[in-house]
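> Can you look at this prediction? I've put the sequence above it.
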Amino acid sequence: MDRQLLDILVCPMCKGKLLFKKKAGELICPVDRIAFPVRDGIPVMLEDEARQLPADEEIAK
């Protein structure tokens with residue numbers, strides 16, 4: 001994920017900063033506890049495509 005792109009992307013729901021989990025290929029919103037997939041290097045920032053993070057899943061910062 002390009003660092004400049006990551007710096008300008010925000011959560012479409014709360015407009016908060018996102019964290020990139022390279023291993024999982026996801027952009028994480030720690031506020032809303034949702035994960036947006038990154039497919040072929042392209043973030044899919046749609047609520048319908050996001051997964052809700054379980055309460056016990058840790059979000060590394």
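Ah, there it is. Please read these numbers as outputs of a predicted model, since none were measured by experiment. Numbering: from 1, shown residues only.
> Give the buried residues for stretch 18-28.
Leu18, Phe20, Glu26, Leu27, Ile28 (16 or more other CB atoms under 10 Å). Where C-beta positions appear, they are placed from N, C-alpha and C, glycine not excepted.
> Out of those residues, name the ones that lie in strands.
If you go by DSSP state E, these have Phe20, Glu26, Leu27, Ile28 in strands.
> Could you dump the residues you listed into a markdown table with pLDDT added?
Below are these laid out as a markdown table (pLDDT from 0 to 100):
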| residue | pLDDT |
| --- | --- |
| Phe20 | 93 |
| Glu26 | 95 |
| Leu27 | 95 |
| Ile28 | 95 |
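> residues contacting Leu6?
With contact set as CB atoms under 8 Å, 6 or more residues apart in numbering, Leu6 has these partners: Leu18, Phe20, Leu27.
> ok so, going back, now the ones in strands among the buried residues of stretch 18-28 as CSV including distance to Ile8?
Below are those laid out as CSV (distance: CB to CB, whole Å):
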residue, distance to Ile8
Phe20, 13
Glu26, 18
Leu27, 12
Ile28, 16
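> Do I have it right that Val38 meets Val44?
Yes. Using CB atoms under 8 Å, Val38 is in contact with Val44, at 7.2 Å.
> what about the two, which has more around it?
Remark: of Val38 and Val44, Val38 carries more neighbours, 18 against 14, as counted by other CB atoms under 10 Å.
> Any buried residues in the helix or strand harbouring that one, and which?
Here Val38, judged by DSSP states H and E, is contained in strand 34-39. By neighbour count on 16+ other CB under 10 Å, the buried set for strand 34-39 is Ile34, Ala35, Phe36, Pro37, Val38.
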